[in-house]
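Enquirer: fold the following and give me the result.
(one chain, ligands or ions: 1)
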Amino acid sequence: MQYIRAGVELSNTEFPDDDLRREQEFIDGLYVRVDALRGDTEASVADALAQGDKPMQARLERDILVAERSGLLAALNAVDGALCFGRIDLSSGGSHHIGRIGLRTDDADRTPLLIDWRAEVARPFYLATGHTPMGLRRRRHIATDGRRVTSLHDEILDLRDRERTGHEDPTGDAVLLAALNSARTGRMSDIVQTIQADQDRIIRAPYRGVLVVEGGPGTGKTAVALHRAAYLLYEHRELLARRAVLVVGPNPAFLGYIGQVLPSLGETGVLLATMGELFPGVKATATDTPEAAAVKGRADMADVLAAVVRDRQSLPDPVIAIEHDREVLMLDDGLVNVARERTRAARLPHNDAREHFEGHILNTLTDMVAERIGTDPYDGSSLLDASDLTQIRDDLAVNPEVWSAIDSLWPRLTPQRLVADFLADPEGYVSDEDAAAIRRRVTRAWTTADVPLLDEAAELLGEDDRVSKARAERERETQIAYAQGVLDVSYASRTYEFEDKEDSDPDGSEVLSAHDIIDAERFADRQEEADHRSAAERAAADRTWAFGHIIVDEAQELSPMAWRLLMRRSPTRSMTLVGDPAQTSEAGGVGSWSEILEPYVEDRWEHTRLGVNYRTPSEIMDVAAAVVRAENPGFDPPSSVRSTGVRPWVRATDDLPWAVAKAVEELTASLGGAASPSPSAPSERGAPREQGGAPAGRLAVIAPRDLHRSLAARLDGVTAGAEPDLTRTVVLLDPRQSKGLEFDSVLVVEPGRYGTSDLYVALTRATQRLGVLHTGKLPKALETGLPERPGTSA
Ligand SMILES: Nc1ncnc2c1ncn2[C@@H]1O[C@H](COP(=O)(O)OP(=O)(O)OP(=O)(O)O)[C@@H](O)[C@H]1O
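Expert: Numbers count the residues shown, from 1 in each chain. Sure, this is the predicted structure:
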């Protein structure tokens, strides 16, 4: 592979020319439009909110307006400062500017000014090559700093075209390289300016079905998954805004790291969550041992929990005596067993079935009383009519002893109670060894591996939500009636969603509004949002929410029980799963994609690969690959797109805290050296990279958790903790916490104590420099092939 050397300076503003000036004028014009749009939107939101209390229908109208306009406002604010980044000139004449959102002129023609990067018209910007120009003459990257154009980079795609601008970029790589070399901020940036062709195809893959994206470290899996979410929201906005998109990530620090990407693309309605957050009302704060997590994650835990529930449907031992009407009724195990089997035959969840059980027991007891008081002594026939029997049943139904018997035989259960009881006493349900691994008294703290168990339990038990369902149905009927009225009114006050949505026809001017696309019932569904919560927020609070699309990052880590939970949240099986089996660290992780997916979609899923590493320079990747090859000689790592000429180093020491402090000092000094911030990524604006003179760039010290306290004590401003603040210049992490993240420089401490996949993850986090420090034995692959350095004893 041909490496690209690092170090690209992206500025040609010193000698402004006509082209640069014209682009600046054009972009100034876009901001005039954005500012006007923002002013109007703010005014209409403020107006609506100032209207005060109104009758129901007027309130609904106001809520619709406020929700729609607030979304637009958030998008406009998010893209400010990085609105436009490219232009395509067509061979047939004319050109389109490409940006993070679409904009049109504010006149009757509504001519497109800026094309949303997700529109079909924008696609050649990402795919066209000299070989397949897709109707393009030239592609221009426009680098900006805030609202100021800093440089232009042109690629000639029609080789017969002799016209030159003086901004030609012969390799077409300058903008990509500048982005890859830019100093890291602790927050991931979007890649919308430089999406590569193989990434584009994944981003725009059809929305239905399960798509697996596999690729080594730094191949852009996370970036692609997030851009895919933005694309799907654009392409299927009506559906996905209602049903919401869920992005599942490995830990809270990772979610913080990626949290700005979608807002920077103008999308705020996506729920980001870890597995530990997917059971509303529970936050996983405790940690399992790897053995416990592996046992809890096994697929057979579903059967185990089903058995636990069945065991709570008990029989009398041998009878329950119920005092009724000065007699004693003997409810024995045979009678209860009949009631229990009939109840089970209904195949309802435990709590939902309880009503049936109550009915069967009341009928059994009614028969007993009737037999006792109403049997003809001569022929044994019944002397009681239907109303007598109803009276007996009603009397039994107010006898507390009857209810206490039912409660003991078929108790109402909560998922929390059931799982806590099981974990406190798992013997008999799993092997003695597994029981020893998972036995724990749960007080309030749950673990991530408990969450799928709670969800499974909730499925087995069913919700006891009869009252709330009846109330919701009544409210919904009222909403539908009002919604019909609102739809009629809304025809007169149509609003746009995104300005260039009719992408295949950029000259068209049709604008979508609510009444075009939804009927009263669906509209009423939306108005259940009258509490101003977005679909994503409502989804977060609803265990049974069916998401429109689910994206799972680091998908290789999830256990079979976790997959059961996720598949329940995705009844349509519209999912994008990204991961890398070589980076699996969880003992409960599933071995192969078909093993994960077969139970749910058989072989109906697509598999695709990303093979180019955009993060790790070749010098570092060679070392990381050698570590995996020591265990798996056939291992095929992704190829690095860059080489920096800077080789990683390894040093032995007998004073680790001192050596770490010294190495951190050295590596911090080199931060921001070769690198400068990316020219126009909006998510980096306002990042603390230059505040107080702090150098640009970030450094991670990756060390086993038990060393954190002693290392933090020697490092200024560095804290040891479960949720690291990634915006600090120096961050201390354990190998698992570093998953999915990246830093300019990385110092890996005591690599001999990591498993192969954890070490592979740790070694592949750096964009520029890697150092390794150790006191004990080194993994073989690190002993050879790295520059020998003298020990650094104090
Ligand atoms: N087309 C691109 N243009 C600019 N930067 C890119 C592009 N593709 C990927 N990158 C950058 O490469 C880095 C790695 O991307 P990302 O974190 O998505 O990789 P990954 O495959 O998820 O890695 P890992 O498996 O190690 O977590 C990020 O900084 C990302 O912004």
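
Enquirer: C-alpha only now, for contacts and for neighbours.
Expert: Fine.

Enquirer: separation between the residue of the stretch 1-150 of the chain found nearest the ligand and His141?
Expert: The ligand sits closest to Tyr126 of the stretch 1-150 of the chain, with a gap of 9.6 Å, by C-alpha to the nearest ligand atom. Per C-alpha to C-alpha, to the nearest Å, Tyr126 is found 11 Å from His141.

Enquirer: look at the two and report which has more neighbours.
Expert: With neighbours defined as other C-alpha atoms under 10 Å, Tyr126 and His141 compare such that His141 has more, 25 against 19.

Enquirer: thought Val175 was touching that one, still the case?
Expert: Yes - counting by C-alpha atoms under 8 Å, His141 touches Val175, with 7.3 Å between them.

Enquirer: and for these two, which residues touch both?
Expert: Common contacts of His141 and Val175 (C-alpha atoms under 8 Å, 6 or more residues apart in numbering): His153.

Enquirer: which bits of the stretch 201-350 of the chain sit near the ligand?
Expert: Gly216, Pro217, Gly218, Thr219, Gly220, Lys221, Thr222, Ala223 (C-alpha under 6 Å from any ligand atom).

Enquirer: does the last one lie in a helix or a strand, and which?
Expert: Secondary structure assignment for Ala223, by DSSP states H and E: helix 221-235.

Enquirer: what element comes up after that helix heading to the C-terminus?
Expert: helix 237-243.

Enquirer: relative to the whole chain's centre, how far out is that next one?
Expert: Helix 237-243 has its C-alpha centroid displaced from the chain centroid by 16 Å (C-alpha atoms, centre = their mean, to the nearest Å).

Enquirer: by contact count, what packs against it?
Expert: The contact analysis (3 or more C-alpha pairs under 8 Å, 6 or more residues apart in numbering; DSSP states H and E) places helix 237-243 against helix 221-235, helix 535-540.

Enquirer: and the helix or strand following that helix, what's buried?
Expert: Using DSSP H and E, the helix or strand that follows helix 237-243 in sequence is strand 245-249. Within strand 245-249, the residues scored as buried using 16 or more other C-alpha atoms under 10 Å are Val245, Leu246, Val247, Val248, Gly249.

Enquirer: closest one of those to Asn77?
Expert: Val245 (21.5 Å; C-alpha to C-alpha).

Enquirer: Ala225 versus Arg714, what's the distance?
Expert: For Arg714, the distance to Ala225 - C-alpha to C-alpha - is 38 Å.

Enquirer: between the two, which one's more packed in?
Expert: Per other C-alpha under 10 Å, whichever of Arg714 and Ala225 has more neighbours is Ala225, with 22 against 15.

Enquirer: contacts only, for that one.
Expert: Ile203, Ile551, Asp553, Thr576, Val578.

Enquirer: the closest residue to the last one other than its chain neighbours sits in which helix or strand?
Expert: Nearest-residue entry for Val578: Val213, 4.6 Å, with adjacent residues in sequence omitted and distances by C-alpha to C-alpha, 6 or more residues apart in numbering. According to DSSP H and E, Val213 maps onto strand 210-215.

Enquirer: now the angle from that strand to helix 221-235?
Expert: 150 degrees (axes from the mean of the first three to the mean of the last three C-alpha atoms, to 10 degrees).

Enquirer: please name the strands paired to strand 210-215 in the sheet, noting orientation.
Expert: Paired strands of strand 210-215, with direction, are strand 575-579 (parallel), strand 605-610 (parallel) (DSSP bridges).

Enquirer: just say which of these is most tucked in.
Expert: Neighbour counts (mean count of other C-alpha atoms under 10 Å) averaged over each of these peak at strand 575-579, with a mean of 24.

Enquirer: what distance separates the start and the end of stretch 609-626?
Expert: 21 Å.

Enquirer: can you list the residues of the protein near the ligand?
Expert: So the chain meets the ligand at 176, 179-180, 189, 191, 194-196, 216-223, 614-615, 740 (C-alpha under 6 Å from any ligand atom).

Enquirer: which of those residues fall in helices?
Expert: Leu176, Ala179, Leu180, Lys221, Thr222, Ala223 (DSSP state H).

Enquirer: SS state for Ala700?
Expert: strand (DSSP: H, G, I helix; E, B strand; the rest coil).

Enquirer: run a quick neighbour tally on it.
Expert: For Ala700, using other C-alpha under 10 Å, the count is 28.

Enquirer: any idea how far Ala624 is from it?
Expert: From Ala700 to Ala624 the distance is 17 Å (C-alpha to C-alpha).

Enquirer: what helix or strand is Asp352 on?
Expert: Secondary structure from DSSP H and E places Asp352 in helix 350-374.

Enquirer: Thr144 in helix, strand or coil?
Expert: Quick answer, by three-state DSSP: Thr144 is strand.

Enquirer: just the helices in the stretch 1-150 of the chain please.
Expert: Using DSSP state H, counting those that start in this stretch, the helices assigned to the stretch 1-150 of the chain run over residues 18-50, 56-79, 123-127.

Enquirer: neighbours around Val451, how many?
Expert: Val451 has 27 neighbouring residues, counting by other C-alpha under 10 Å.

Enquirer: now do the helix or strand harbouring it: which elements does it pack against?
Expert: Using DSSP H and E, the secondary-structure element containing Val451 is helix 450-461. Packing partners of helix 450-461 (3+ C-alpha pairs under 8 Å, 6+ apart): helix 290-297, helix 301-311, helix 350-374, helix 415-424, helix 560-568.

Enquirer: rerun at 6 Å
Expert: When contacts are defined as 3 or more C-alpha pairs under 6 Å, 6 or more residues apart in numbering; DSSP states H and E, helix 450-461 sits against helix 415-424, helix 560-568.

Enquirer: closest to Arg147 among the residues of the stretch 201-350 of the chain next to the ligand?
Expert: With C-alpha to C-alpha as the yardstick, the closest approach to Arg147 among these comes from Ala223, at 24.5 Å.

Enquirer: tell me, how many residues neighbour the closest one?
Expert: Ala223 - counted by other C-alpha under 10 Å - has 20 other residues nearby.

Enquirer: quick check: the gap between it and Asp145.
Expert: For Ala223, the distance to Asp145 - C-alpha to C-alpha - is 22 Å.

Enquirer: which of the helices or strands spans the closest residue to Pro426 other than its chain neighbours?
Expert: In space, Pro426 comes closest to Ala435 once its chain neighbours are excluded; the distance is 5.4 Å by C-alpha to C-alpha, 6+ apart. Per DSSP H and E: Ala435 is located in helix 432-438.

Enquirer: tell me the average confidence for that helix?
Expert: Throughout helix 432-438, pLDDT has a mean value of 97.

Enquirer: what's the answer for stretch 325-341, then?
Expert: In the prediction, stretch 325-341 has an average pLDDT of 95.

Enquirer: quick one: buried residues of it?
Expert: By 16+ other C-alpha under 10 Å, the buried positions in stretch 325-341 come out as Leu329, Leu331, Asp333, Leu335, Val336, Ala339, Arg340.

Enquirer: export the strands paired with strand 210-215 to CSV and tack on mean pLDDT?
Expert: CSV is the format used below for these (pLDDT from 0 to 100):
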stretch, mean pLDDT
strand 575-579, 96
strand 605-610, 95
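
Enquirer: picking up where we left off before, as CSV, the helices of the stretch 1-150 of the chain with distance to His97 and mean pLDDT would be great.
Expert: CSV is the format used below for the helices of the stretch 1-150 of the chain (distance: least, C-alpha to C-alpha, whole Å; pLDDT from 0 to 100):
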stretch, distance to His97, mean pLDDT
helix 18-50, 9, 90
helix 56-79, 15, 78
helix 123-127, 10, 96
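
Enquirer: pLDDT value on the residue nearest in space to the middle of the chain, please?
Expert: Centroid-nearest residue in the chain: Val247, 1.6 Å away (criterion: C-alpha atoms, centre = their mean). With respect to pLDDT, Val247 has a value of 97.

Enquirer: list the contacts for it?
Expert: With contacts taken as C-alpha atoms under 6 Å, 6 or more residues apart in numbering, Val247 has the following neighbours: Leu272, Ile550, Ile551, Val552.

Enquirer: with Gly216 instead?
Expert: Here Gly216 is in contact with Asp580, Pro638 (criterion: C-alpha under 6 Å, 6+ apart).

Enquirer: no further questions, thank you.
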